[in-house]
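A.B. asks: What would the 3D arrangement of this be:
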Amino acid sequence: MRERRHRLAHEAARLIAESGIRDYHQAKLKAAERLGIFDDASLPRNREIEDALREYQRLFQREHLGGLRQRREAALRALEFFREFEPRLIGPVLDGTADARSPVALHLYSDDPEAVPMFLEHHRIPAEARDRRLRLDRERSEDFPVWVFSAEELTFDLTVLPLDVLRQAPLSNVDEKPMRRATASQLRQLLADEEISEFERG
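C.D. replies: All right, here's what the predicted structure looks like:
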């Protein structure tokens, strides 16, 4: 069974990397269908697929590392630009699985629903309004405003949350644990650590 889970995780990771599927559950089911494995017990956890995706990108998509660094550096500039909204970087750009289709995703915090659109308007940044349902905990889900815009040839995706959500992150779709988030100083440290490890690898 462990071998089947391993094969499924790697096939799902390949599908995500090559076809741009971002829904882990969908990738898992498609991988199971391709490999002819239909027992639920063999289905890997999302975290196993994420680990396999990182490995796949490292082995077969080396060019993704340059794009990842570009997105992280752009994310750092965005975190500094939106600093009055206590911004946090989330998603594939933070966890290292971003590809050419991945937006730079930030959480911004404000109790004034007009504050972020007014800020964007003030800086003449045309943005598209959307909304997104997030799970705050195991019992509560809510819809939150999202603003999407392009800059530096990248897409930026801003979810605006009330200040009290700053204490605990919404739950991740990957493992249903609080989302990993990074402040500007944490991201700056991550970039510095990466530079050191790249230098050491030669």
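
A.B. asks: Now the longest strand seen in the chain: buried residues?
C.D. replies: If you go by DSSP state E, the chain has its longest strand at strand 141-151. The neighbour-count check on strand 141-151 (16 or more other Cβ atoms under 10 Å) flags Phe144, Pro145, Val146, Trp147 as buried. (Each C-beta comes from the backbone N, C-alpha and C, glycine too.)

A.B. asks: do the same with stretch 95-111
C.D. replies: In stretch 95-111, counting by 16+ other Cβ under 10 Å, buried: 95-99, 102-110.

A.B. asks: before we move on, what about stretch 70-80?
C.D. replies: Gln70, Arg71, Arg72, Ala74, Ala75, Leu76, Ala78, Leu79.

A.B. asks: Using PDB, write down the CA coordinates of that stretch.
C.D. replies: This file holds the C-alpha atoms of stretch 70-80, laid out as PDB (Å, rounded to 0.1, in the frame of the first residue of the first chain):
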ATOM      1  CA  GLN A  70      11.400  36.300  -8.900                       C
ATOM      2  CA  ARG A  71       7.900  35.800  -7.300                       C
ATOM      3  CA  ARG A  72       9.300  35.900  -3.800                       C
ATOM      4  CA  GLU A  73      11.300  39.100  -4.400                       C
ATOM      5  CA  ALA A  74       8.100  40.700  -5.900                       C
ATOM      6  CA  ALA A  75       6.200  39.400  -2.900                       C
ATOM      7  CA  LEU A  76       8.700  41.100  -0.600                       C
ATOM      8  CA  ARG A  77       8.200  44.400  -2.400                       C
ATOM      9  CA  ALA A  78       4.400  43.900  -2.200                       C
ATOM     10  CA  LEU A  79       4.500  43.200   1.600                       C
ATOM     11  CA  GLU A  80       6.400  46.400   2.100                       C
END
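
A.B. asks: ok, and what's touching it?
C.D. replies: 87-89, 93-94, 98, 102, 104, 106, 151-152, 154, 156, 183-184, 187-188, 190-191 (Cβ atoms under 8 Å, 6 or more residues apart in numbering).

A.B. asks: Same check on stretch 121-129?
C.D. replies: Pro117, Leu120, Pro145, Val146, Trp147, Val148, Phe149, Ala151, Leu158.

A.B. asks: Turn these into JSON lines, including distance to Glu50 and pLDDT.
C.D. replies: What follows is the contacts of stretch 121-129, written out as JSON lines (distance: Cβ to Cβ, whole Å; pLDDT from 0 to 100):
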{"residue": "Pro117", "distance to Glu50": "33", "pLDDT": "97"}
{"residue": "Leu120", "distance to Glu50": "31", "pLDDT": "98"}
{"residue": "Pro145", "distance to Glu50": "27", "pLDDT": "97"}
{"residue": "Val146", "distance to Glu50": "23", "pLDDT": "98"}
{"residue": "Trp147", "distance to Glu50": "26", "pLDDT": "98"}
{"residue": "Val148", "distance to Glu50": "24", "pLDDT": "98"}
{"residue": "Phe149", "distance to Glu50": "27", "pLDDT": "97"}
{"residue": "Ala151", "distance to Glu50": "27", "pLDDT": "94"}
{"residue": "Leu158", "distance to Glu50": "23", "pLDDT": "98"}
